[in-house]
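everything below, folded, please.
(chains A and B)
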Number of protein chains: 2
Amino acid sequence: MSKSIFYHAGCPVCVSAEHDILNLLNPKEVEVIHLGEDKTKIGDAEKIGVKSVPALVTPNGHVLHINFGASMADVKG
Amino acid sequence: MSKSIFYHAGCPVCVSAEHDILNLLNPKEVEVIHLGEDKTKIGDAEKIGVKSVPALVTPNGHVLHINFGASMADVKG
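Take a look at the predicted model:
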């Protein structure tokens, strides 16, 4: 099984959701990407369909937007 | 570990998210509740903090609203 990707930007909603997701899933199967610290990955995230963070991209490419921390515009800004 | 609860209402967004969640988590650790078919559970869901469906309530009581299918008002209506 390929990995899921958890995108976040360090916001409180993101951090809380990250803890929840890493408790629920096997942490070895989740790649965590902090878009605030690695802005070069924002383009990839948008291509996949990530519109806000936190978001979990499943191994089959579905985007699950979890609660709402920040829009991608906020992350870029 | 106690179970997570996945609340949904049969909407397309809900069904898609349900498949994704049951692929990611151990299905034995997720209780699925269809609020459209069992409206008596709507009050419980609202008390926990569910504001829209689909939503996953973690074993520690955090509510993860996943994408957006329908508001609780829609579910009641």
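
how about the contacts made by the residue lying closest to A:Ile5 once chain neighbours are set aside?
Spatial nearest neighbour of A:Ile5, excluding adjacent residues (Cβ to Cβ, 6 or more residues apart in numbering or on different chains): A:Val57 at 4.4 Å. Just so you know, the C-beta spots here come from the backbone N, C-alpha and C atoms, and that holds for glycine as well. A:Val57 makes contacts with A:Ser4, A:Ile5, A:Phe6, A:Tyr7, A:Ile48, A:Val50, A:Val63, A:Leu64, as judged by Cβ atoms under 8 Å, 6 or more residues apart in numbering or on different chains.

same check, this time on A:Gly69
A:Gly69 touches A:His8, A:Ala9, A:Cys11, A:Pro12, A:Val13, A:Cys14, A:Ala17, A:Ser52, A:Val53, A:Pro54, counting by Cβ under 8 Å, 6+ apart.

and of those residues, the nearest to chain B?
Nearest to chain B among the contacts of A:Gly69 is A:Ala17, at 6.4 Å by Cβ to the nearest Cβ.

tell me how many other residues crowd A:Lys28.
A:Lys28 has 7 neighbours, counted by other Cβ atoms under 10 Å in any protein chain shown.

where does it land on pLDDT?
Note for A:Lys28: predicted pLDDT of 95.

how about it, secondary structure?
Classification of A:Lys28 by DSSP: H, G, I helix; E, B strand; the rest coil places it in helix.

report the buried residues of whichever strand or helix holds A:Cys14.
Using DSSP states H and E, A:Cys14 falls within helix A:12-24. Using 16 or more other Cβ atoms under 10 Å in any protein chain shown as the test for burial, helix A:12-24 gives A:Val13, A:Cys14, A:Ser16, A:Ala17, A:Glu18, A:Asp20, A:Ile21, A:Leu24.

next helix or strand past it?
strand A:30-34.

could you list the low-pLDDT ranges of chain A?
A:1 (pLDDT under 70).
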